[in-house]
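> Mind looking at a prediction? Sequence and model below.
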Amino acid sequence: MSDNQTRTELHELGEFRLIDKITEPIIIKNASTAQGVGDDAAVLNTDGKQLVVTTDLLLEGIHFDLTYHPLKHLGYKAVVVNLSDVYAMNAHPKQITVSIGVSKRFSLEDIEELYSGIYLACERFGVDLVGGDTSSSLTGAVISITAIGEAEAHKICYRSGAKENDLICVTGDLGSAYMGLQLLEREKKVLEGKSGMKPQFAGYDYILERFLKPEPRKPLIDLLEKEGIVPTSMIDISDGLSSELLHICKNSEVGCRVYIDKIPIDQITHKMANEMNVDPIVAALNGGEDFELLFTVPIEKHDVVAGMDGVSIVGHVVPQSNGPMLVAPQGEDIPITAQGWNAMTKTEEE
Ligand code: ADP
Ligand code: MG
């Protein structure tokens, strides 16, 4: 470890400031690097279309728990989290590489089960698995996937393009994956040490599936293409709506007004949240892993996006001086603060 006199604890810094810190020295050397660190994916120039590249790391005990995450679903999800970042650039995924670290606890059959989920996702989204790396691990399992996608340069959507008066839209519904995770954790605690008992999951399939086997929002990308709309900005919702709104506002140098009563929340999410004394709005704002898309479009596109299946208009973009704001049902303004799932926070570490 560093023998430097000063020592900064990672939980004081948080994940985003850590990334800012370690990527500060980067000076782009190649004209082919169109966008480096700082968006859902990097963007590379080629003679034809632009390429997007993104990578994600999943660690046992941090991102998944093998006591309730079936290996096939885990393989599928590991691919989906990457494809979601490619779609968030308004690009089409084409290749992935998959690297795994596994301990003696895993058999060949276990790994084949994991790969059956990986291949299912490749099949569904038209992606080729083109490489990777395999290593043994002393403790938990590790899965790292890199995805490569392509798009015409003028169609790529960054976090930085939102303009004043744009409409703010989200796909699907929010907070459901978080409530699914809470349910899995609750049942795990209840069943700990009790053999022969079955978990109580009846009626909650939807939120469980949202956490265990999320779907990337390819249909939105196809629909935008069909309607001839290129969003002014886009990001995938992996850390919760609040955190992603702040990324768009910061990178686009704008503020926003998002109406709390317009945030799409499924009935089952409401039901589970009530049962667990969680505010469903908090689950939508600060929960994670929904893998929906948040995007902005010029106000002239209102009628087209309003008519799109599975898309909700939740607010609009305002000048930066107004700040990022939520609007309560009674009309009161509430400043947005980031509380996304932060792997570096003290509570999670302990
Ligand atoms: P996402 O949630 O979309 O996966 P992250 O918040 O993980 O995005 O990353 C934000 C940006 O920082 C991305 O451009 C990513 O490539 C970059 N990044 C994250 N971790 C590192 C790292 N250790 N070194 C260099 N770049 C990183
Ligand atoms: Mg992302």
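Thanks, I have the structure now. It should be emphasised that the depicted structure is a prediction, and the values quoted were computed from it without experimental measurement. Ligands and ions are numbered 1, 2, ... in the order given.

> what sits opposite residue 44 in the beta ladder?
With beta bridges defined as DSSP bridges, residue 44 has these partners: residue 33, residue 51.

> What residues does it make contact with?
Residues in contact with residue 44, defined by C-beta atoms under 8 Å, 6 or more residues apart in numbering, are 32, 33, 34, 50, 51, 52, 53. C-beta coordinates here come from the backbone N, C-alpha and C atoms, glycine included.

> May I ask which of these has the most neighbours?
residue 52 (29 neighbours; other C-beta atoms under 10 Å).

> Contact partners for that one?
Neighbouring residues of residue 52 by C-beta under 8 Å, 6+ apart: 41, 42, 43, 44, 86, 89, 91, 148, 149, 150, 151, 156.

> Any idea how many residues pack against residue 204?
Neighbour number of residue 204 under other C-beta under 10 Å is 20.

> how far away is it from ligand 1?
27 Å (C-beta to the nearest ligand atom, to the nearest Å).

> That residue - nearest residue in space that isn't next to it in sequence?
Counting by C-beta to C-beta, 6 or more residues apart in numbering, residue 204 lies nearest to residue 183, which is 5.8 Å off, once chain neighbours are set aside.

> where does the one you found fall, helix, sheet strand or coil?
Three-state assignment for residue 183 (DSSP: H, G, I helix; E, B strand; the rest coil): helix.

> Make sure it is actually in contact with residue 205.
No: look at residue 183 against residue 205 with C-beta atoms under 8 Å: they stay out of range, at 10.6 Å.

> Which residues outside stretch 329-338 are in contact with it?
Here stretch 329-338 makes contact (C-beta under 8 Å, 6+ apart) with 16, 242-243, 245-246, 256-258, 260-261, 285, 323-328.

> Any quick ChimeraX command for the buried ones out of those?
Selecting only the buried entries of the contacts of stretch 329-338 in ChimeraX, with 16 or more other C-beta atoms under 10 Å as the criterion:
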select :16,242,243,245,246,256,257,258,260,285,324,325,326,327
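
> In strands, which of the contacts of stretch 329-338 fall?
Judged by DSSP state E, these include 256, 257, 258, 324, 325, 326, 327 as members of strands.

> Those: which two are farthest apart?
324 and 327 (11.4 Å; C-beta to C-beta).

> I'd guess residue 6 is in a helix, am I close?
No: judged by three-state DSSP, residue 6 forms no part of a helix; its state is coil.

> quick one: contacts for the residue in the stretch 101-250 of the chain positioned nearest to ligand 1?
Closest to ligand 1 within the stretch 101-250 of the chain is residue 238: 4.7 Å, counting by C-beta to the nearest ligand atom. If you count contacts by C-beta under 8 Å, 6+ apart, residue 238 has them with 81, 84, 244, 288, 289, 290, 291.

> Correct me if wrong: the first one contacts residue 56.
Yes: at 5.0 Å, residue 81 and residue 56 qualify as touching, with contact defined as C-beta under 8 Å.

> Please say which of these two ends up with more neighbours.
residue 81 (22 against 18).

> Wasn't that one part of a helix?
Yes: the assignment for residue 81 by three-state DSSP puts it in a helix.

> contacting residues around it?
Applying C-beta under 8 Å, 6+ apart to residue 81 gives the contacts 56, 58, 145, 214, 238, 291.

> CSV please, covering these and showing secondary structure, distance to residue 111 and pLDDT.
CSV is the format used below for the contacts of residue 81 (DSSP: H, G, I helix; E, B strand; the rest coil; distance: C-beta to C-beta, whole Å; pLDDT from 0 to 100):
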residue, secondary structure, distance to residue 111, pLDDT
56, strand, 19, 97
58, strand, 15, 96
145, strand, 15, 98
214, coil, 22, 97
238, coil, 26, 95
291, coil, 25, 98
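
> the helices in this protein, which residues?
For the chain, applying DSSP state H gives helices covering 10-13, 15-23, 71-87, 108-125, 176-191, 205-212, 218-227, 241-252, 267-275, 280-286, 302-306, 346-349.

> Select, out of those helices, the one closest to ligand 2.
helix 71-87 (4.4 Å; C-beta to the ion).

> and the angle for the closest one with helix 218-227?
Interaxial angle, helix 71-87 versus helix 218-227 (axes from the mean of the first three to the mean of the last three C-alpha atoms, to 10 degrees): 30 degrees.

> Flag every residue of the chain that's near ligand 1.
19, 22, 23, 37, 38, 39, 40, 56, 85, 238 (C-beta under 6 Å from any ligand atom).

> Just the buried residues from the residues you listed, in ChimeraX please.
For the buried members of these, the matching ChimeraX selection, counting by 16+ other C-beta under 10 Å, is:
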select :39,40,56,85,238
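
> out of the residues of the chain next to ligand 1, who's nearest residue 161?
residue 39 (10.6 Å).

> and the closest residue to ligand 2 within the chain, what pLDDT?
Ligand 2 sits closest to residue 40 of the chain, with a gap of 3.8 Å, by C-beta to the ion. For residue 40, the pLDDT comes out at 96.

> Residue 280 touches residue 173, doesn't it?
No: using C-beta under 8 Å, residue 280 makes no contact with residue 173, being 10.1 Å away.

> In terms of neighbours, single out the busier of residue 183 and residue 205.
residue 183 (22 against 11).
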